[in-house]
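S.K.: Have a look at this prediction, sequence included:
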Amino acid sequence: MRILAVDDDPLILDLLRESLTVNGYCDLTCTASAEEAHTAMEQATEPFDCFLLDIVLPETDGIALCADIRAMDAYKMTPIIMITASRQPDMMERAFAAGATDFVTKPLDGLELGTRVNIASMLNDSMMRERESRHTLAELTRLTRISFEERFVMADVPGLSDYLMLENHLLRFSSGCYAMTLFAVEVEGAKAIFRTASAPTFRARMEAAARAVAGQLDPGATRIAYAGRGVFVGVAHGRGRMDLQKMQDDAQASLDQGWDSRSLGSDAAPDLTVRAISTQRVWAAASACDALQSFLARMDLNTAADPQDEEALFAALERKLARRA
């Protein structure tokens, strides 16, 4: 647990460090003022898990610092233990009103301090579990709302970019022409997979395909992104000619070998088709982006209507005509 202690008395800080170390809390940052505490929070690579604040501090006191901490989104519920030599009810009332969780009194008792911090640790663990549960629920909710056309991000797939990141990567190039190959990878039967599988399962199958494809590419020279509809588009930099057939064969073999039928809900992996988007080998960055967009637009226009979609459309039309008759 990461603890930030604020006290202008070096002896108290030494006592805090000794008492906390005995109780197993070694990750302690000590500051002598509210200003130093703010600096420590700003520079921290990870949020603190608990605060120990002396009420009497130079310039800004501990109660005002407590209120400042509570105003930060990252510390809305983080345990804050006040350190005080006073038991005046009005002072403690102001501290609790500012958001304090607990308090310990001077002179410090190591056993009492350890107990208070242990309680704060358990409270922090409880809040972490709650945040993780909320995150999981939010993620599941988001997954159930994806559409077939959605270019969702696959952050867990090494080497895969967001589609907009791929376009921005190209547009950051300076003016001029560059040797590159534009290619596409299609997951055959993606629409049927989307229709019959749950949204999380559809996403998982697309991620499995993405891993198989990305594993065949040189991450230093190639970028690939999911463009929706079970289609990935990629850009390979360099004058060398890509062997797209070998890439397809190797990606398919990798997908078949790593396919987990139990978790992915299908006995067999889908087929992959790799093809060039254009035979052109030299591109200006903006022209390459236009070519990717044109390819995806043509795919949308040339996609034949799904037979089940047509059947549903005619059925709806027949019902409408029947009501008018």
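M.R.: Received the coordinates, thanks. Numbering: from 1, shown residues only.

S.K.: Every contact and neighbour count from this point should use C-alpha atoms.
M.R.: Noted.

S.K.: So which residues of the stretch 101-250 of the chain form helices?
M.R.: 110-143, 163-171, 190-196, 199-214, 244-258 (DSSP state H, counting those that start in this stretch).

S.K.: deepest of those, which one?
M.R.: helix 199-214 (a mean of 22; mean count of other Cα atoms under 10 Å).

S.K.: circling back: among the helices of the stretch 101-250 of the chain, which is nearest Ile12?
M.R.: Checking the helices of the stretch 101-250 of the chain against Ile12 by Cα to Cα gives helix 110-143 as the closest, at 11.5 Å.

S.K.: For that closest one, what does the pLDDT average out to?
M.R.: For helix 110-143, the mean per-residue pLDDT is 63.

S.K.: Could you chop this protein up by domain?
M.R.: Domain segmentation of the chain under automatic domain parsing yields 3-140, 160-323.

S.K.: Go through those domains and name the closest to Phe148.
M.R.: Nearest to Phe148 among these is domain 160-323; the distance by Cα to Cα comes to 5.4 Å.

S.K.: Tell me where the model's unsure across the stretch 201-325 of the chain.
M.R.: For the stretch 201-325 of the chain, the stretches flagged by pLDDT under 70 are 300-325.

S.K.: Same list, the domains of the chain, but as a markdown table with distance to Met154 please.
M.R.: Shown next, in a markdown table, are these (distance: least, Cα to Cα, whole Å):
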| stretch | distance to Met154 |
| --- | --- |
| domain 3-140 | 13 |
| domain 160-323 | 7 |
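
S.K.: And the ones you listed: which comes nearest Ser147?
M.R.: Short answer: domain 160-323, nearest of the domains of the chain by Cα to Cα, at 8.3 Å.

S.K.: And the most centrally placed residue in the chain, its phi and psi?
M.R.: Geometric centre of the chain, nearest residue: Ala155, 6.9 Å, by Cα atoms, centre = their mean. Torsion angles at Ala155 (phi, psi; degrees, to the nearest 10) stand at phi -70, psi -20.

S.K.: Which elements pack onto whichever strand in the chain runs longest?
M.R.: Ranked by residue count and defined by DSSP state E, the top strand of the chain is strand 177-187. Under the contact criterion of 3 or more Cα pairs under 8 Å, 6 or more residues apart in numbering; DSSP states H and E, strand 177-187 touches strand 231-237, strand 272-276, strand 282-284, helix 285-302.

S.K.: hmm, try it at 10 Å
M.R.: Contacts defined by 3 or more Cα pairs under 10 Å, 6 or more residues apart in numbering; DSSP states H and E place strand 177-187 against helix 199-214, strand 222-226, strand 231-237, helix 244-258, strand 272-276, strand 282-284, helix 285-302.

S.K.: Take these and lay them out in JSON lines including distance to Ala71.
M.R.: Putting these into JSON lines (distance: least, Cα to Cα, whole Å) gives the following:
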{"stretch": "helix 199-214", "distance to Ala71": "37"}
{"stretch": "strand 222-226", "distance to Ala71": "39"}
{"stretch": "strand 231-237", "distance to Ala71": "44"}
{"stretch": "helix 244-258", "distance to Ala71": "48"}
{"stretch": "strand 272-276", "distance to Ala71": "52"}
{"stretch": "strand 282-284", "distance to Ala71": "49"}
{"stretch": "helix 285-302", "distance to Ala71": "44"}
